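Asker: Sequence and predicted structure, then a few things I'm wondering about:
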Amino acid sequence: MNQPRQTASYLSKRLAQAGLRPVSKYGQNFLIDLNLVDLIAKSAELRSTDVVLEIGTGVGSLTSRLSDAAGAVLSVEIDRNLHQLASEELQGRANVKLIQGDALRNKNSLRDDLMDDIREALGRLGEHARFLLVANLPYNVATPIISNLLHQQPPPDAMVVTIQKELADRIVAGPGSKDYGALSIWIQSMCRAEIVRVLGPKVFWPRPKVDSAVIRLDLDPERRAAIADLDYFHQTVRALFFHRRKYLRSNVISAMKNRLDKSQVDAVLSSLGHGETTRAEELSVQEIQTLVEALRQAEQA
């Protein structure tokens, strides 16, 4: 079965033939090192019963490799012209479904039909089917795609994605570091995270101005199940880090405005041993989880 070669010369020639060029507003930076395209596919450790979501089909180079290993591939491309090119390159691959459009309905939610397609494919492939996100993610949608998928039912069992290295550093960061924040906590509360490989600009065409990284996230169902209310947790964690320079108490009071008064906030913080000079970025993921749940229960009391 045909596999688009996706070298710089191939891409420039293929796009030129169609009268096209990369569109910067869509974050189009094509991975042109074929060994790295293979690395992404291999790092996902795909099975024949897996359902794979890819955001950013491009001309279908990674898509074809996913198709060879997985049971079903759903690939979304916002660029109408690239979608047409990929449709030609991937013709005859019965386990690939290509969608033209934006994977996001807005920055806080996925398009409505995406998870319906995923659930349908999972049902078709049987009880051992897994759901994975495997993609060279466009930089401008990487954060909302990853964050929103963790809200979904089911969430991905694993994600293997190429993203900006700066974002990867934030995802894997630990307490006390400059990169540690709401995103670190949101993802690490549900997943084990590791950077697989750092990629320099020269392996992309056009070359981005920053380094990238392949990152793998593996869902930990027990961690996720320990969060009583995902939406509450997500919103509260973001509020706790909204003003990084402020002390934890100030951020909690602000986050709980019109929900808990200052004395109630102080009671929660005191019960957990957090003093007046504690900052949110000093707390571990587990400590943040405990704090958020204590605030949620105080609201309900």
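Answerer: Cool, the structure landed. Numbers count the residues shown, from 1 in each chain.
Asker: Now do the strands in the stretch 151-300 of the chain.
Answerer: 158-164, 191-199, 204-205, 212-219 (DSSP state E, counting those that start in this stretch).
Asker: which of those has the lowest average pLDDT?
Answerer: For the strands of the stretch 151-300 of the chain, mean pLDDT drops lowest on strand 204-205, to a mean of 87.
Asker: that older thread, right, and the strands of the stretch 151-300 of the chain - which one's nearest Arg249?
Answerer: strand 191-199 (29.1 Å; Cβ to Cβ). Quick note: C-beta positions are derived from backbone N, CA and C, even for glycine.
Asker: in its sheet, what does that closest one sit against?
Answerer: strand 212-219 (antiparallel) (DSSP bridges).
Asker: Please point out which parts of the partner strand sit buried.
Answerer: Buried residues in strand 212-219, counted by 16 or more other Cβ atoms under 10 Å: Ser212, Ala213, Val214, Ile215, Arg216, Leu217, Leu219.
Asker: which among these gets closest to Gly27?
Answerer: Ser212 (11.4 Å).
Asker: For that closest one, which residues count as its bridge partners?
Answerer: Gln164, Leu199.
Asker: Enumerate every residue touching the most centrally placed residue in the chain.
Answerer: Centroid-nearest residue in the chain, with Cα atoms, centre = their mean: Ile146, separated by 1.8 Å. Neighbouring residues of Ile146 by Cβ atoms under 8 Å, 6 or more residues apart in numbering: Leu133, Leu137, Met159, Val161, Ile163, Ile171, Ile187, Leu217.
Asker: so which of those residues would you say is closest to Leu15?
Answerer: So of these, ranked by how close each gets to Leu15 (Cβ to Cβ), first place is Leu137, at 20.1 Å.
Asker: That closest one: how many residues sit nearby?
Answerer: 25 (other Cβ atoms under 10 Å).
Asker: do the same with the one 3 residues further on
Answerer: Close neighbours of Asn140, defined as other Cβ under 10 Å, add up to 12.
Asker: List the residues that contact the closest residue to it other than its chain neighbours.
Answerer: Of all residues not flanking Asn140 in the chain, Gly27 sits nearest, at 4.4 Å (Cβ to Cβ, 6 or more residues apart in numbering). Neighbouring residues of Gly27 by Cβ under 8 Å, 6+ apart: Gly56, Pro138, Tyr139, Asn140, Val141.
Asker: where does the last one sit relative to Lys262, distance-wise?
Answerer: According to Cβ to Cβ, to the nearest Å, Val141 stands 39 Å off from Lys262.
Asker: of those two, who's got more company?
Answerer: Per other Cβ under 10 Å, whichever of Val141 and Lys262 has more neighbours is Val141, with 19 against 11.
Asker: my guess is that one meets Ala103, correct?
Answerer: Yes. If you go by Cβ atoms under 8 Å, Val141 and Ala103 touch, sitting 6.9 Å apart.
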